[in-house]
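**Q** Dropping the sequence and predicted coords here.
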2 protein chains.
Amino acid sequence: MSSVKIAELSQRSNVPVATIKYYLRLGLLPAGEYTAKNQADYDESHVSRIRLIRSLIQLGRMSIADVTSVLAAVDDESTTIHDAFGVAQDAMVPEQRRDTPEYQKAIAIAQKFVRRHRFKIRSHAAVISMLADALVALSFQASGTLPADAAEAYLDSMVPHIRSQAEFEIANLPADDERSSMVEYTVVGTIGFEIAMNAIRRMALEHYSSKRFGTPAKK
Amino acid sequence: MSSVKIAELSQRSNVPVATIKYYLRLGLLPAGEYTAKNQADYDESHVSRIRLIRSLIQLGRMSIADVTSVLAAVDDESTTIHDAFGVAQDAMVPEQRRDTPEYQKAIAIAQKFVRRHRFKIRSHAAVISMLADALVALSFQASGTLPADAAEAYLDSMVPHIRSQAEFEIANLPADDERSSMVEYTVVGTIGFEIAMNAIRRMALEHYSSKRFGTPAKK
DNA sequence: CATTATAGATAGTTACACTATCTATAATAG
DNA sequence: CTATTATAGATAGTGTAACTATCTATAATG
(Lines give C-alpha, C1' and ligand atoms only; values in the text may rest on other atoms or scores of the structure.)
Protein backbone atom coordinates (compact mmCIF):
# COMPACT_ATOMS: atom_id res chain seq x y z
CA MET A 1 0.00 0.00 0.00
CA SER A 2 1.82 3.08 -1.21
CA SER A 3 1.18 5.78 1.33
CA VAL A 4 1.90 9.36 0.37
CA LYS A 5 1.90 12.65 2.13
CA ILE A 6 -0.14 15.62 1.11
CA ALA A 7 2.67 17.19 -0.90
CA GLU A 8 2.90 14.19 -3.19
CA LEU A 9 -0.87 13.96 -3.39
CA SER A 10 -0.75 17.51 -4.66
CA GLN A 11 1.90 16.74 -7.28
CA ARG A 12 0.24 13.61 -8.54
CA SER A 13 -3.09 15.32 -9.00
CA ASN A 14 -1.91 18.74 -10.11
CA VAL A 15 -4.00 20.32 -7.41
CA PRO A 16 -2.51 22.76 -4.85
CA VAL A 17 -2.15 21.62 -1.26
CA ALA A 18 -4.43 24.43 -0.10
CA THR A 19 -7.14 23.18 -2.42
CA ILE A 20 -6.77 19.62 -1.22
CA LYS A 21 -7.16 20.84 2.34
CA TYR A 22 -10.24 22.70 1.20
CA TYR A 23 -11.72 19.51 -0.25
CA LEU A 24 -10.86 17.66 2.94
CA ARG A 25 -12.61 20.33 4.97
CA LEU A 26 -15.72 20.02 2.83
CA GLY A 27 -15.66 16.27 3.16
CA LEU A 28 -15.32 15.73 -0.58
CA LEU A 29 -12.11 13.93 0.14
CA PRO A 30 -11.95 11.46 3.03
CA ALA A 31 -9.31 12.13 5.68
CA GLY A 32 -6.05 10.21 5.52
CA GLU A 33 -4.76 7.77 8.08
CA TYR A 34 -3.43 9.63 11.06
CA THR A 35 0.03 8.76 12.30
CA ALA A 36 0.11 11.73 14.63
CA LYS A 37 -2.19 14.60 15.33
CA ASN A 38 -0.69 16.67 12.57
CA GLN A 39 0.32 13.88 10.22
CA ALA A 40 -1.78 11.79 7.91
CA ASP A 41 -1.05 9.30 5.16
CA TYR A 42 -2.98 9.22 1.90
CA ASP A 43 -3.10 6.59 -0.83
CA GLU A 44 -4.17 5.81 -4.38
CA SER A 45 -7.82 6.14 -3.53
CA HIS A 46 -7.20 9.76 -2.60
CA VAL A 47 -5.49 10.46 -5.88
CA SER A 48 -8.34 9.06 -7.90
CA ARG A 49 -10.91 10.78 -5.74
CA ILE A 50 -9.26 14.12 -6.40
CA ARG A 51 -9.25 13.36 -10.10
CA LEU A 52 -12.90 12.47 -9.92
CA ILE A 53 -13.66 15.75 -8.19
CA ARG A 54 -11.72 17.71 -10.78
CA SER A 55 -13.45 15.90 -13.64
CA LEU A 56 -16.83 16.73 -12.19
CA ILE A 57 -15.91 20.37 -11.67
CA GLN A 58 -13.96 21.07 -14.82
CA LEU A 59 -15.37 18.73 -17.40
CA GLY A 60 -18.85 18.40 -15.96
CA ARG A 61 -18.87 22.09 -14.96
CA MET A 62 -20.54 21.19 -11.72
CA SER A 63 -20.66 23.38 -8.65
CA ILE A 64 -19.14 22.16 -5.41
CA ALA A 65 -22.66 21.59 -4.16
CA ASP A 66 -23.41 19.28 -7.08
CA VAL A 67 -20.13 17.47 -6.64
CA THR A 68 -21.04 16.93 -3.01
CA SER A 69 -24.29 15.25 -3.93
CA VAL A 70 -22.69 13.11 -6.61
CA LEU A 71 -19.96 11.94 -4.27
CA ALA A 72 -22.50 11.21 -1.58
CA ALA A 73 -24.24 8.91 -4.04
CA VAL A 74 -20.96 7.31 -5.08
CA ASP A 75 -20.13 6.59 -1.48
CA ASP A 76 -23.56 5.32 -0.65
CA GLU A 77 -23.51 1.52 -0.71
CA SER A 78 -27.10 1.40 -1.88
CA THR A 79 -26.42 3.38 -5.06
CA THR A 80 -26.67 1.06 -8.04
CA ILE A 81 -25.10 1.59 -11.43
CA HIS A 82 -28.45 2.58 -12.76
CA ASP A 83 -28.88 5.15 -10.00
CA ALA A 84 -25.50 6.57 -10.86
CA PHE A 85 -26.70 7.66 -14.28
CA GLY A 86 -29.53 9.61 -12.80
CA VAL A 87 -27.38 11.25 -10.16
CA ALA A 88 -24.66 12.28 -12.58
CA GLN A 89 -27.14 13.52 -15.15
CA ASP A 90 -29.22 15.55 -12.76
CA ALA A 91 -26.12 17.20 -11.33
CA MET A 92 -25.03 18.21 -14.80
CA VAL A 93 -28.17 20.16 -15.63
CA PRO A 94 -27.59 23.77 -14.61
CA GLU A 95 -30.18 25.84 -12.80
CA GLN A 96 -32.21 28.14 -14.98
CA ARG A 97 -35.17 30.42 -14.57
CA ARG A 98 -38.14 28.26 -15.38
CA ASP A 99 -41.06 30.47 -14.50
CA THR A 100 -41.79 31.95 -17.90
CA PRO A 101 -44.75 31.01 -20.09
CA GLU A 102 -42.34 30.05 -22.88
CA TYR A 103 -40.76 27.51 -20.60
CA GLN A 104 -44.15 26.14 -19.56
CA LYS A 105 -44.96 25.47 -23.18
CA ALA A 106 -41.58 23.91 -23.77
CA ILE A 107 -41.80 21.57 -20.80
CA ALA A 108 -45.10 20.27 -22.11
CA ILE A 109 -43.50 19.59 -25.47
CA ALA A 110 -40.59 17.86 -23.78
CA GLN A 111 -42.88 15.64 -21.76
CA LYS A 112 -44.82 14.73 -24.87
CA PHE A 113 -41.51 13.91 -26.51
CA VAL A 114 -40.61 11.50 -23.73
CA ARG A 115 -43.96 9.78 -23.97
CA ARG A 116 -43.93 9.64 -27.74
CA HIS A 117 -40.61 7.86 -27.74
CA ARG A 118 -41.55 5.72 -24.76
CA PHE A 119 -38.43 6.62 -22.83
CA LYS A 120 -38.57 4.93 -19.49
CA ILE A 121 -37.05 7.59 -17.28
CA ARG A 122 -37.77 9.11 -13.90
CA SER A 123 -40.70 11.45 -14.29
CA HIS A 124 -38.78 14.28 -12.65
CA ALA A 125 -35.49 13.67 -14.38
CA ALA A 126 -33.66 16.92 -14.91
CA VAL A 127 -33.10 16.04 -18.56
CA ILE A 128 -36.70 16.90 -19.27
CA SER A 129 -36.08 20.47 -18.13
CA MET A 130 -32.85 20.42 -20.04
CA LEU A 131 -34.62 19.55 -23.27
CA ALA A 132 -37.17 22.25 -22.55
CA ASP A 133 -34.43 24.83 -22.03
CA ALA A 134 -32.98 23.98 -25.42
CA LEU A 135 -36.40 24.19 -27.06
CA VAL A 136 -36.98 27.63 -25.61
CA ALA A 137 -33.73 28.94 -27.03
CA LEU A 138 -34.35 27.33 -30.40
CA SER A 139 -37.89 28.66 -30.66
CA PHE A 140 -36.75 32.19 -29.91
CA GLN A 141 -34.29 32.29 -32.71
CA ALA A 142 -36.07 30.00 -35.14
CA SER A 143 -38.92 32.38 -35.85
CA GLY A 144 -38.35 33.69 -39.33
CA THR A 145 -35.87 30.98 -40.17
CA LEU A 146 -37.60 27.72 -39.48
CA PRO A 147 -41.22 26.91 -38.71
CA ALA A 148 -41.78 26.65 -34.97
CA ASP A 149 -42.04 22.88 -34.72
CA ALA A 150 -39.53 21.90 -37.36
CA ALA A 151 -37.06 21.56 -34.51
CA GLU A 152 -39.33 19.00 -32.91
CA ALA A 153 -39.62 16.94 -36.07
CA TYR A 154 -35.91 17.20 -36.52
CA LEU A 155 -35.23 15.90 -33.03
CA ASP A 156 -37.67 13.06 -33.63
CA SER A 157 -35.69 12.04 -36.66
CA MET A 158 -32.53 11.88 -34.57
CA VAL A 159 -33.93 9.61 -31.93
CA PRO A 160 -33.26 6.28 -33.67
CA HIS A 161 -29.61 7.20 -34.15
CA ILE A 162 -29.21 8.32 -30.58
CA ARG A 163 -31.04 5.27 -29.27
CA SER A 164 -28.74 2.86 -31.00
CA GLN A 165 -25.71 4.77 -29.76
CA ALA A 166 -26.96 4.68 -26.20
CA GLU A 167 -27.95 1.05 -26.38
CA PHE A 168 -24.48 0.18 -27.56
CA GLU A 169 -22.94 2.31 -24.84
CA ILE A 170 -24.93 0.59 -22.12
CA ALA A 171 -24.34 -2.86 -23.55
CA ASN A 172 -20.62 -2.27 -23.47
CA LEU A 173 -20.43 -1.37 -19.82
CA PRO A 174 -18.70 -4.14 -17.91
CA ALA A 175 -20.80 -5.27 -14.99
CA ASP A 176 -18.54 -7.54 -13.05
CA ASP A 177 -16.40 -5.11 -11.11
CA GLU A 178 -16.90 -3.91 -7.59
CA ARG A 179 -19.72 -1.48 -7.11
CA SER A 180 -17.78 1.62 -6.13
CA SER A 181 -15.41 1.68 -9.08
CA MET A 182 -18.27 0.83 -11.42
CA VAL A 183 -20.29 3.72 -10.11
CA GLU A 184 -17.32 6.04 -10.40
CA TYR A 185 -16.75 4.93 -13.93
CA THR A 186 -20.39 5.39 -14.76
CA VAL A 187 -20.32 8.92 -13.44
CA VAL A 188 -17.16 9.90 -15.25
CA GLY A 189 -18.25 8.02 -18.34
CA THR A 190 -21.57 9.81 -18.44
CA ILE A 191 -19.74 13.10 -18.47
CA GLY A 192 -16.67 12.12 -20.44
CA PHE A 193 -18.43 10.41 -23.30
CA GLU A 194 -20.94 13.20 -23.57
CA ILE A 195 -18.17 15.72 -23.96
CA ALA A 196 -16.33 13.46 -26.37
CA MET A 197 -19.42 12.89 -28.48
CA ASN A 198 -20.13 16.59 -28.54
CA ALA A 199 -16.62 17.23 -29.70
CA ILE A 200 -16.99 14.68 -32.45
CA ARG A 201 -20.35 16.05 -33.45
CA ARG A 202 -18.86 19.51 -33.67
CA MET A 203 -16.05 18.19 -35.80
CA ALA A 204 -18.54 16.58 -38.12
CA LEU A 205 -20.65 19.73 -38.25
CA GLU A 206 -17.67 21.84 -39.15
CA HIS A 207 -16.62 19.25 -41.69
CA TYR A 208 -19.95 19.14 -43.51
CA SER A 209 -20.54 22.84 -43.12
CA SER A 210 -17.24 23.39 -44.84
CA LYS A 211 -18.36 21.12 -47.64
CA ARG A 212 -21.69 22.82 -48.06
CA PHE A 213 -20.94 26.45 -47.35
CA GLY A 214 -17.34 26.20 -48.37
CA THR A 215 -14.41 28.29 -47.37
CA PRO A 216 -13.17 29.63 -50.68
CA ALA A 217 -9.63 30.43 -49.60
CA LYS A 218 -10.50 32.20 -46.37
CA LYS A 219 -8.82 35.56 -45.71
CA MET B 1 -42.01 49.53 -36.48
CA SER B 2 -43.05 48.75 -32.92
CA SER B 3 -40.85 50.88 -30.72
CA VAL B 4 -40.64 50.06 -27.07
CA LYS B 5 -39.04 51.62 -24.05
CA ILE B 6 -36.58 49.90 -21.82
CA ALA B 7 -39.23 48.81 -19.32
CA GLU B 8 -41.09 46.82 -21.94
CA LEU B 9 -37.84 45.45 -23.31
CA SER B 10 -37.20 44.17 -19.83
CA GLN B 11 -40.63 42.54 -19.55
CA ARG B 12 -40.52 40.94 -22.96
CA SER B 13 -37.11 39.40 -22.34
CA ASN B 14 -37.43 38.61 -18.64
CA VAL B 15 -34.22 40.46 -17.98
CA PRO B 16 -34.01 43.25 -15.37
CA VAL B 17 -33.59 46.81 -16.58
CA ALA B 18 -30.30 47.11 -14.72
CA THR B 19 -28.97 44.10 -16.58
CA ILE B 20 -30.07 45.49 -19.93
CA LYS B 21 -28.24 48.70 -19.13
CA TYR B 22 -25.25 46.59 -18.25
CA TYR B 23 -25.36 44.86 -21.64
CA LEU B 24 -25.75 48.24 -23.34
CA ARG B 25 -22.72 49.52 -21.48
CA LEU B 26 -20.68 46.55 -22.61
CA GLY B 27 -21.81 47.01 -26.18
CA LEU B 28 -23.45 43.58 -26.35
CA LEU B 29 -26.70 45.31 -27.09
CA PRO B 30 -26.72 48.19 -29.58
CA ALA B 31 -28.06 51.51 -28.30
CA GLY B 32 -31.66 52.42 -29.09
CA GLU B 33 -32.78 55.36 -31.18
CA TYR B 34 -32.48 58.53 -29.19
CA THR B 35 -35.49 60.83 -29.02
CA ALA B 36 -33.90 62.96 -26.33
CA LYS B 37 -30.74 62.80 -24.34
CA ASN B 38 -32.27 60.56 -21.75
CA GLN B 39 -34.78 58.75 -23.93
CA ALA B 40 -34.25 55.97 -26.43
CA ASP B 41 -36.54 53.68 -28.37
CA TYR B 42 -35.83 50.00 -28.83
CA ASP B 43 -37.38 47.47 -31.18
CA GLU B 44 -37.78 43.79 -32.00
CA SER B 45 -34.14 43.45 -32.90
CA HIS B 46 -33.23 44.39 -29.34
CA VAL B 47 -35.56 41.80 -27.90
CA SER B 48 -34.06 39.04 -30.00
CA ARG B 49 -30.54 40.22 -29.31
CA ILE B 50 -31.17 40.00 -25.60
CA ARG B 51 -32.55 36.51 -26.05
CA LEU B 52 -29.51 35.58 -28.05
CA ILE B 53 -27.26 36.87 -25.29
CA ARG B 54 -29.18 34.94 -22.66
CA SER B 55 -29.06 31.77 -24.72
CA LEU B 56 -25.32 32.06 -25.09
CA ILE B 57 -24.83 32.72 -21.39
CA GLN B 58 -27.32 30.33 -19.88
CA LEU B 59 -27.59 27.51 -22.37
CA GLY B 60 -24.13 27.80 -23.86
CA ARG B 61 -22.63 28.63 -20.47
CA MET B 62 -20.42 31.19 -22.09
CA SER B 63 -18.66 33.99 -20.26
CA ILE B 64 -19.45 37.57 -21.15
CA ALA B 65 -16.08 37.70 -22.89
CA ASP B 66 -17.02 34.77 -25.11
CA VAL B 67 -20.41 36.27 -25.82
CA THR B 68 -18.67 39.44 -26.87
CA SER B 69 -16.57 37.62 -29.43
CA VAL B 70 -19.52 35.63 -30.76
CA LEU B 71 -21.61 38.75 -31.17
CA ALA B 72 -18.76 40.53 -32.85
CA ALA B 73 -18.69 37.72 -35.40
CA VAL B 74 -22.45 37.81 -35.80
CA ASP B 75 -22.33 41.53 -36.49
CA ASP B 76 -19.40 41.28 -38.84
CA GLU B 77 -20.67 41.33 -42.40
CA SER B 78 -17.84 39.11 -43.54
CA THR B 79 -18.79 36.24 -41.24
CA THR B 80 -20.18 33.40 -43.31
CA ILE B 81 -22.46 30.66 -42.08
CA HIS B 82 -19.54 28.32 -42.06
CA ASP B 83 -17.50 30.74 -39.95
CA ALA B 84 -20.37 30.92 -37.50
CA PHE B 85 -19.98 27.28 -36.60
CA GLY B 86 -16.37 27.74 -35.72
CA VAL B 87 -16.96 30.85 -33.70
CA ALA B 88 -19.83 29.38 -31.72
CA GLN B 89 -18.02 26.13 -31.11
CA ASP B 90 -14.76 27.67 -30.00
CA ALA B 91 -16.57 29.95 -27.59
CA MET B 92 -18.29 26.97 -26.04
CA VAL B 93 -15.11 25.15 -25.09
CA PRO B 94 -14.19 26.17 -21.55
CA GLU B 95 -10.66 27.01 -20.52
CA GLN B 96 -8.78 24.23 -18.79
CA ARG B 97 -5.30 23.62 -17.56
CA ARG B 98 -3.56 21.99 -20.47
CA ASP B 99 0.02 21.86 -19.30
CA THR B 100 0.10 18.35 -17.88
CA PRO B 101 1.79 15.37 -19.53
CA GLU B 102 -1.54 13.52 -19.52
CA TYR B 103 -3.03 16.25 -21.61
CA GLN B 104 -0.11 16.21 -24.02
CA LYS B 105 -0.70 12.55 -24.65
CA ALA B 106 -4.41 13.11 -25.05
CA ILE B 107 -4.04 15.90 -27.56
CA ALA B 108 -1.88 13.65 -29.71
CA ILE B 109 -4.58 10.99 -29.62
CA ALA B 110 -7.20 13.58 -30.49
CA GLN B 111 -5.21 14.83 -33.45
CA LYS B 112 -4.72 11.31 -34.67
CA PHE B 113 -8.46 10.82 -34.32
CA VAL B 114 -9.18 13.81 -36.53
CA ARG B 115 -6.78 12.58 -39.18
CA ARG B 116 -8.01 9.02 -39.04
CA HIS B 117 -11.56 10.12 -39.71
CA ARG B 118 -10.46 12.73 -42.23
CA PHE B 119 -12.38 15.51 -40.58
CA LYS B 120 -11.76 18.69 -42.46
CA ILE B 121 -11.62 21.17 -39.62
CA ARG B 122 -9.45 24.11 -38.66
CA SER B 123 -6.22 22.74 -37.32
CA HIS B 124 -6.53 24.81 -34.16
CA ALA B 125 -10.21 24.24 -33.60
CA ALA B 126 -10.98 24.21 -29.90
CA VAL B 127 -12.89 20.95 -30.30
CA ILE B 128 -9.60 19.11 -30.52
CA SER B 129 -8.69 20.28 -27.04
CA MET B 130 -12.19 19.48 -25.95
CA LEU B 131 -11.87 15.91 -27.08
CA ALA B 132 -8.50 15.69 -25.35
CA ASP B 133 -10.00 16.97 -22.10
CA ALA B 134 -12.61 14.25 -22.22
CA LEU B 135 -9.99 11.61 -22.95
CA VAL B 136 -7.93 12.69 -19.96
CA ALA B 137 -10.87 12.33 -17.61
CA LEU B 138 -11.87 8.99 -19.09
CA SER B 139 -8.37 7.58 -18.88
CA PHE B 140 -8.05 8.55 -15.23
CA GLN B 141 -11.10 6.66 -14.19
CA ALA B 142 -10.97 3.88 -16.73
CA SER B 143 -7.86 2.25 -15.33
CA GLY B 144 -9.01 -0.93 -13.67
CA THR B 145 -12.34 -0.88 -15.42
CA LEU B 146 -11.62 -0.69 -19.10
CA PRO B 147 -8.40 -1.05 -21.03
CA ALA B 148 -6.83 2.33 -21.69
CA ASP B 149 -7.72 2.61 -25.36
CA ALA B 150 -11.08 0.91 -25.34
CA ALA B 151 -12.53 4.39 -25.12
CA GLU B 152 -10.81 5.28 -28.35
CA ALA B 153 -12.17 2.26 -30.17
CA TYR B 154 -15.56 3.01 -28.76
CA LEU B 155 -15.49 6.57 -30.03
CA ASP B 156 -14.39 5.32 -33.43
CA SER B 157 -17.40 3.10 -33.59
CA MET B 158 -19.65 6.08 -32.91
CA VAL B 159 -18.29 8.21 -35.69
CA PRO B 160 -20.46 6.87 -38.53
CA HIS B 161 -23.61 7.53 -36.50
CA ILE B 162 -22.51 11.00 -35.57
CA ARG B 163 -21.44 11.77 -39.11
CA SER B 164 -24.79 10.92 -40.57
CA GLN B 165 -26.52 12.99 -37.92
CA ALA B 166 -24.34 15.97 -38.63
CA GLU B 167 -24.65 15.59 -42.38
CA PHE B 168 -28.40 15.60 -42.04
CA GLU B 169 -28.27 18.59 -39.75
CA ILE B 170 -26.19 20.61 -42.19
CA ALA B 171 -28.25 19.53 -45.17
CA ASN B 172 -31.40 20.76 -43.48
CA LEU B 173 -30.16 24.26 -42.83
CA PRO B 174 -32.01 26.68 -45.05
CA ALA B 175 -29.62 28.85 -46.99
CA ASP B 176 -31.77 31.46 -48.58
CA ASP B 177 -32.34 33.89 -45.73
CA GLU B 178 -30.42 37.05 -45.01
CA ARG B 179 -26.97 36.54 -43.61
CA SER B 180 -27.41 37.99 -40.13
CA SER B 181 -30.43 35.93 -39.15
CA MET B 182 -28.84 32.84 -40.67
CA VAL B 183 -25.71 33.36 -38.65
CA GLU B 184 -27.73 33.94 -35.50
CA TYR B 185 -29.67 30.80 -36.13
CA THR B 186 -26.51 28.86 -36.77
CA VAL B 187 -25.05 30.04 -33.49
CA VAL B 188 -28.13 29.28 -31.45
CA GLY B 189 -28.69 26.06 -33.35
CA THR B 190 -25.18 24.88 -32.67
CA ILE B 191 -25.80 25.32 -28.98
CA GLY B 192 -29.46 24.45 -28.82
CA PHE B 193 -29.29 21.23 -30.77
CA GLU B 194 -26.24 20.12 -28.89
CA ILE B 195 -28.06 20.53 -25.61
CA ALA B 196 -31.17 18.90 -27.00
CA MET B 197 -29.21 15.94 -28.35
CA ASN B 198 -27.43 15.56 -25.05
CA ALA B 199 -30.74 15.54 -23.27
CA ILE B 200 -32.08 12.88 -25.62
CA ARG B 201 -28.92 10.85 -25.28
CA ARG B 202 -29.23 11.00 -21.51
CA MET B 203 -32.82 9.91 -21.75
CA ALA B 204 -31.81 6.98 -23.89
CA LEU B 205 -28.98 6.08 -21.53
CA GLU B 206 -31.27 6.12 -18.54
CA HIS B 207 -33.79 4.11 -20.50
CA TYR B 208 -31.42 1.34 -21.49
CA SER B 209 -29.60 1.42 -18.19
CA SER B 210 -32.92 0.81 -16.54
CA LYS B 211 -33.49 -2.12 -18.83
CA ARG B 212 -30.09 -3.62 -18.21
CA PHE B 213 -29.42 -2.83 -14.58
CA GLY B 214 -33.03 -2.65 -13.65
CA THR B 215 -34.74 -0.78 -10.86
CA PRO B 216 -36.48 -3.52 -8.92
CA ALA B 217 -39.07 -1.36 -7.20
CA LYS B 218 -36.69 1.34 -6.02
CA LYS B 219 -37.03 2.49 -2.42
C1' DC C 1 -47.28 69.82 -11.85
C1' DA C 2 -46.56 65.68 -9.20
C1' DT C 3 -45.22 61.17 -10.27
C1' DT C 4 -42.86 57.99 -12.76
C1' DA C 5 -39.42 56.63 -16.10
C1' DT C 6 -35.49 57.20 -18.33
C1' DA C 7 -29.85 57.42 -19.78
C1' DG C 8 -25.57 57.12 -18.16
C1' DA C 9 -21.96 57.27 -14.54
C1' DT C 10 -20.28 55.11 -10.54
C1' DA C 11 -20.21 52.19 -6.84
C1' DG C 12 -21.79 48.17 -4.34
C1' DT C 13 -23.23 43.33 -3.97
C1' DT C 14 -23.31 38.37 -4.20
C1' DA C 15 -21.68 33.93 -5.04
C1' DC C 16 -18.26 30.90 -5.59
C1' DA C 17 -14.01 28.54 -5.51
C1' DC C 18 -10.37 28.78 -3.89
C1' DT C 19 -5.77 30.69 -1.43
C1' DA C 20 -3.12 32.42 2.30
C1' DT C 21 -1.78 32.83 7.05
C1' DC C 22 -1.25 31.19 11.54
C1' DT C 23 -0.35 27.91 15.41
C1' DA C 24 1.15 23.88 17.26
C1' DT C 25 3.42 19.96 16.21
C1' DA C 26 6.20 16.41 13.84
C1' DA C 27 9.45 14.67 10.22
C1' DT C 28 14.03 15.14 8.21
C1' DA C 29 18.66 16.64 6.94
C1' DG C 30 23.11 17.71 8.30
C1' DC D 1 20.33 17.17 18.32
C1' DT D 2 19.14 21.35 16.33
C1' DA D 3 17.64 23.92 12.11
C1' DT D 4 14.72 23.54 8.43
C1' DT D 5 10.82 21.97 6.28
C1' DA D 6 6.27 19.94 6.27
C1' DT D 7 2.27 19.00 8.13
C1' DA D 8 -3.24 19.39 10.20
C1' DG D 9 -6.67 22.30 11.10
C1' DA D 10 -8.74 26.84 12.08
C1' DT D 11 -9.68 31.25 10.28
C1' DA D 12 -9.57 34.87 7.30
C1' DG D 13 -8.67 36.88 2.85
C1' DT D 14 -8.62 37.05 -2.36
C1' DG D 15 -10.12 37.29 -7.11
C1' DT D 16 -13.36 37.10 -10.50
C1' DA D 17 -17.48 37.31 -12.74
C1' DA D 18 -21.98 38.89 -13.44
C1' DC D 19 -24.78 41.51 -12.15
C1' DT D 20 -27.55 45.22 -9.06
C1' DA D 21 -28.29 49.58 -6.85
C1' DT D 22 -27.90 54.48 -6.38
C1' DC D 23 -27.51 58.97 -8.07
C1' DT D 24 -28.17 63.03 -11.19
C1' DA D 25 -30.21 65.39 -14.68
C1' DT D 26 -33.95 65.11 -17.74
C1' DA D 27 -38.15 63.95 -19.97
C1' DA D 28 -42.70 61.61 -20.42
C1' DT D 29 -47.28 60.90 -18.37
C1' DG D 30 -51.70 61.34 -16.04
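**A** It's in.
**Q** alpha carbons only for contacts and neighbour counts from here, please
**A** Noted.
**Q** element containing A:Gln111?
**A** Using DSSP states H and E, A:Gln111 maps to helix A:101-116.
**Q** So which other helices or strands are in contact with that helix?
**A** Packed against helix A:101-116 by the contact rule (3 or more Cα pairs under 8 Å, 6 or more residues apart in numbering or on different chains; DSSP states H and E) you find helix A:126-142.
**Q** now the helix it packs on, how far from the centre of its chain.
**A** From the chain centre to the centre of helix A:126-142 is a distance of 18 Å (Cα atoms, centre = their mean, to the nearest Å).
**Q** what does that helix rub up against?
**A** A:89-90, A:93, A:102-103, A:106-107, A:109-111, A:148, A:151, B:48, B:51-52, B:55, B:59, B:184-185, B:188-189, B:192-193, B:195-196, B:199-200, B:202-203 (Cα atoms under 8 Å, 6 or more residues apart in numbering or on different chains).
**Q** Any quick ChimeraX command for the buried ones out of those?
**A** Selection of buried members from these for ChimeraX, criterion 16 or more other Cα atoms under 10 Å in any protein chain shown:
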select /A:89,90,93,102,103,106,107,109,110,151 /B:48,51,52,55,59,184,185,188,189,192,193,195,196,199,200,202,203
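**Q** The contacts of helix A:126-142 also near DNA strand C: which ones?
**A** Among these, no residue lies close to DNA strand C (Cα under 7 Å from any atom of the strand).
**Q** how close does the residue nearest to the spatial centre of chain A sit to A:Ser164?
**A** In chain A, the residue lying closest to the centroid (Cα atoms, centre = their mean) is A:Ile191, at 3.5 Å. Taking Cα to Cα, to the nearest Å as the measure, A:Ile191 falls 19 Å from A:Ser164.
**Q** Repeat that for A:Ala36.
**A** 55 Å.
**Q** Tell me which of those two has more neighbours.
**A** Between A:Ala36 and A:Ser164, counting by other Cα atoms under 10 Å in any protein chain shown, A:Ser164 is the more crowded of the two (16 against 8).
**Q** For the strand or helix carrying A:Leu24, which outside residues touch it?
**A** Assigned by DSSP H and E, A:Leu24 belongs to helix A:17-26. Contacting residues not belonging to helix A:17-26 are listed as A:Ile6, A:Ala7, A:Ser10, A:Leu29, A:Pro30, A:Ala31, A:Ile50 [Cα under 8 Å, 6+ apart].
**Q** Kindly present those residues as TSV, with separate columns for pLDDT, distance to chain B and neighbour count.
**A** Putting the contacts of helix A:17-26 into TSV (pLDDT from 0 to 100; distance: Cα to the nearest Cα, whole Å; neighbours: other Cα atoms under 10 Å in any protein chain shown) gives the following:
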residue	pLDDT	distance to chain B	neighbour count
A:Ile6	97	19	21
A:Ala7	97	17	12
A:Ser10	97	13	18
A:Leu29	98	16	20
A:Pro30	98	18	14
A:Ala31	97	21	15
A:Ile50	98	11	22
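**Q** coming back round to it: what's the first helix or strand after the helix holding A:Leu24?
**A** Next along from helix A:17-26, by DSSP H and E: strand A:33-36.
**Q** Is DNA strand D within reach of stretch A:30-48?
**A** Yes. Legend: contact between stretch A:30-48 and DNA strand D by Cα under 7 Å from any atom of the strand is shown at A:Ala31, A:Gly32, A:Lys37, A:Asn38, A:Gln39, A:Ala40, A:Asp41.
**Q** Tell me where the model's unsure across chain A.
**A** Along chain A, the model assigns pLDDT under 70 to residues A:1, A:142-148, A:215-219.
**Q** Tell me the gap between the helix holding A:Leu24 and the middle of its chain.
**A** The chain centroid and the centroid of helix A:17-26 are separated by 23 Å, computed with Cα atoms, centre = their mean.
**Q** again with stretch A:187-195
**A** Remark: stretch A:187-195 is offset 6 Å from the chain centroid, using Cα atoms, centre = their mean.
**Q** Now do the strands in chain A.
**A** A:33-36, A:39-41 (DSSP state E).
**Q** highest average neighbour count across the ones you listed?
**A** Most buried of the strands of chain A by mean neighbour count (mean count of other Cα atoms under 10 Å in any protein chain shown) is strand A:39-41; its value is a mean of 14.
**Q** List the strands paired with that one, with their directions.
**A** If you go by DSSP bridges, strand A:39-41 pairs up with strand A:33-36 (antiparallel).
**Q** what does the strand it pairs with contact?
**A** Residues from elsewhere that reach strand A:33-36 (Cα under 8 Å, 6+ apart): A:Ala40, A:Asp41, A:Tyr42.
**Q** How about it and DNA strand C, touching?
**A** Yes. Interface with DNA strand C: strand A:33-36 contributes A:Thr35, A:Ala36 (Cα under 7 Å from any atom of the strand).
**Q** Please name the residues that touch A:Ser48.
**A** Residues near A:Ser48 by Cα under 8 Å, 6+ apart: B:Phe140, B:Gln141.
**Q** Please tell me how far it sits from DNA strand C.
**A** 16 Å (Cα to the nearest atom of the strand, to the nearest Å).
**Q** Please apply the same query to A:Met62.
**A** Per Cα to the nearest atom of the strand, A:Met62 is found 6 Å from DNA strand C.
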